[in-house]
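Asks: Prediction below, plus the sequence it came from.
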Amino acid sequence: MYQFFVDAGQINIAHKRVTITGADVNHIKNVLRMREGEEIAVSNGVDGKEYRCGILSLEDDCISCELRFIKEDAVELPVKVYLFQGLPKADKMELIIQKAVELGVYQVIPVATKRCVVKLDEKKAKSKIARWQGIAEAAAKQSKRSLIPQVTDVMSFGDALRMASGMEQRWIPYELAEGMERTRELVGSLQPGQSIAVFIGPEGGFDETEIEQAKSMGFSPITLGKRILRTETAGMVVLSWIVINMEGHTA
């Protein structure tokens with residue numbers, strides 16, 4: 001079943017009507033070639049609910065639907081995972097965002113660290129963020145998410161640490177961290193409702209001064225195993241552990 005995102009104001013529960021506008025109109029009519037009576041899923045990206053609708057009419061500028069029922073089964077993880085990703089080279093960020101959204105990340109924060117090769121000026125950064133947000137939305141639709149994770153503006157490492165300082169869990173994978181037992185302990189201690197900051201370094205990893213700065217602010221260095229992982233792999237490993245441990249729990 002195809003899924004689409006709309007603003008909350010486009011869902012009228014009292015009158016059992018949902019209106020779809022924008023680029024999705026052309027996609028439904030001319031790409032998917034859907035017809036009246038066919039069923040679709042709609043989410044507002046906020047409340048975590050899925051609204052099942054039947055198409056009533058296909059107009060030039062909107063699709064009118066009948067709201068059939070509301071599916072409230074929890075699709076989202078019962079924890080909020082914030083992925084603080086050191087800026088990687090080339091187009092790796094696009095892959096990272098796509099897969100992180102599929103795995104249930106709540107927000108992606110691009111971070112400029114000491115060893116980042118990529119330097120984005122204000123104009124390039126604005127264009128990149130817009131593209132990355134589009135990738136997040138497409139991945140959310142494909143994976144039937146009930147919300148679209150936000151990709152924030154690029155932050156400095158210091159600002160990222162401060163943003164994460166109030167979160168219940170703060171992890172920073174590091175090749176010199178303690179053994180896997182400590183990592184298992186931290187992952188196993190997760191509780192529904194918690195927020196988790198996961199910091200991933202760029203290709204060259206984190207500078208030692210950054211690790212010390214993070215530790216001084218209460219971050220827990222964790223190991224991802226005996227092998228050195230690429231930056232585009234590391235975050236997916238951590239997210240996968242969280243999914244295995246938390247899927248099925250209720251927030």
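Replies: The structure has been received and is ready for your questions. No experiment lies behind these values; they were computed from the predicted model shown.
Asks: ok, Ala130 to Val118 distance?
Replies: 17 Å (C-beta to C-beta, to the nearest Å). Backbone N, C-alpha and C define where each C-beta goes, glycine included.
Asks: neighbour-wise, which of those two wins?
Replies: Each of Ala130 and Val118 had its neighbours counted (other C-beta atoms under 10 Å), and the higher figure belongs to Val118 (18 against 10).
Asks: A helix includes the more buried one, no?
Replies: No. Assessed with DSSP: H, G, I helix; E, B strand; the rest coil, Val118 is coil; it does not lie in a helix.
Asks: For Arg162, see how far away it is.
Replies: From Val118 to Arg162 the distance is 22 Å (C-beta to C-beta).
Asks: ok, now Val46?
Replies: Distance from Val46 to Arg162, by C-beta to C-beta: 26 Å.
Asks: What of Gln85?
Replies: Taken as C-beta to C-beta, the span from Gln85 to Arg162 is 17 Å.
Asks: residue contacts, Leu176?
Replies: Pro221 (C-beta atoms under 8 Å, 6 or more residues apart in numbering).
Asks: Mind giving me the packing neighbours of the helix or strand containing Ala130?
Replies: When elements are assigned from DSSP states H and E, Ala130 belongs to helix 122-142. On a contact count with 3 or more C-beta pairs under 8 Å, 6 or more residues apart in numbering; DSSP states H and E, helix 122-142 meets strand 3-5, helix 92-102, strand 107-112, strand 150-151.
Asks: Contacts for stretch 117-130 next, please.
Replies: Contacts for stretch 117-130 (C-beta under 8 Å, 6+ apart): 87-89, 93, 110, 112, 151-154, 202-204.
Asks: quick one: it to chain centroid distance?
Replies: Centroid separation for stretch 117-130 versus its chain: 19 Å, with C-alpha atoms, centre = their mean, to the nearest Å.
Asks: for stretch 123-134, same thing?
Replies: With C-alpha atoms, centre = their mean, you get 16 Å for stretch 123-134.
Asks: end to end, how far does stretch 63-83 reach?
Replies: 35 Å (C-alpha to C-alpha, to the nearest Å).
Asks: shaky segments in the chain?
Replies: In the predicted model, the chain carries pLDDT under 70 at residues 73-74, 250-251.
Asks: the helices in it, which residues?
Replies: 23-26, 92-102, 122-142, 157-164, 180-188, 208-216, 231-246 (DSSP state H).
Asks: which of the ones you listed is buried the deepest?
Replies: helix 92-102 (a mean of 21; mean count of other C-beta atoms under 10 Å).
Asks: So how do I select the buried members of the contacts of stretch 117-130 in PyMOL?
Replies: Burial among the contacts of stretch 117-130 is assessed by 16 or more other C-beta atoms under 10 Å; the matching PyMOL selection reads:
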select buried, resi 87+88+93+110+112+151+152+154+202+203
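Asks: Closest one to Tyr2 out of the contacts of stretch 117-130, please.
Replies: Taking C-beta to C-beta as the measure, Tyr2 sits nearest to Val151 out of the contacts of stretch 117-130, at 23.2 Å.
Asks: How much space separates the nearest residue to Ile13 once chain neighbours are set aside from Asp91?
Replies: Spatial nearest neighbour of Ile13, excluding adjacent residues (C-beta to C-beta, 6 or more residues apart in numbering): Leu67 at 6.7 Å. To Asp91, Leu67 is 39 Å away according to C-beta to C-beta.
Asks: quick one: contacts for Val105?
Replies: The contact partners of Val105, taken as C-beta under 8 Å, 6+ apart, are Val81, Tyr82, Leu83, Pro149, Leu239.
Asks: ok, now with 10 Å
Replies: 77, 80-83, 85, 96-97, 99, 136, 139, 145, 149, 151, 196, 198, 235-236, 239, 242 (C-beta atoms under 10 Å, 6 or more residues apart in numbering).
Asks: same deal with Glu102?
Replies: Glu102 is in contact with Ala139, Ala140, Gln142, Ser143, Lys144, Arg145, Met236, Leu239, counting by C-beta under 10 Å, 6+ apart.
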